[in-house]
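**Q** Test case, fold it:
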Amino acid sequence: MIEPAAMPDNKNRRVLIVEDEPVIAFALEELLIASGFQIAGVATRLEAALAVIESGVCDAAIIDTNLAGVSAGPAAVALKARGVPYLILSGYSSSQLLSVFSGAPCLQKPCRPDRLVEALCSILPDR
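**A** Numbers count the residues shown, from 1 in each chain. Sure, this is the predicted structure:
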């Protein structure tokens, strides 16, 4: 975990979590809150993710590419269209991902919490 003194100011940075596994989604939510982020939403299905993206309430997203057998590709497209940065957190390697996810940082599950927070901070614009 990143030491609080070394942690960037993430206050008011709203992150959408797109993850179909409840235990992983909960762990991500707890990690992000502990790291100073706000949670814009937790979407376990593509439709829910698209609704949160459409509402414009997220500053960044963490996306699992496969949501119970459904590609999260449309969520990536919607985020790109809105200029919202995102990273991929998947059991697949970056070479196994669909081209719709190209260009986004990709972390493979399981991932160290500090590595995830660092990657998320790196895609957010400086304030």
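
**Q** Could you find the closest non-adjacent residue to residue 36?
**A** residue 10 (3.7 Å; Cβ to Cβ, 6 or more residues apart in numbering). For glycine as for every other residue, the C-beta is placed from the backbone atoms N, C-alpha and C.

**Q** Run a quick neighbour tally on that neighbour.
**A** The tally of other residues near residue 10 (other Cβ atoms under 10 Å) stands at 21.

**Q** Show the contacting residues for it.
**A** Neighbouring residues of residue 10 by Cβ atoms under 8 Å, 6 or more residues apart in numbering: 35, 36, 37, 121, 124.

**Q** Can you tell me the element it falls in?
**A** Element membership for residue 10 (DSSP states H and E) is empty, with no helix or strand holding it.

**Q** Check the gap between it and residue 73 for me.
**A** Distance of residue 10 to residue 73, given as Cβ to Cβ, to the nearest Å: 27 Å.

**Q** Same check on residue 111?
**A** Distance of residue 111 to residue 73, computed by Cβ to Cβ: 21 Å.

**Q** which of those two has more neighbours?
**A** Comparing residue 111 with residue 73 by other Cβ under 10 Å, the one with more neighbours is residue 73, at 17 against 13.

**Q** Now do the more buried one against residue 89, distance only.
**A** Taking Cβ to Cβ, one finds residue 73 at 15 Å from residue 89.

**Q** Done for today, thanks.
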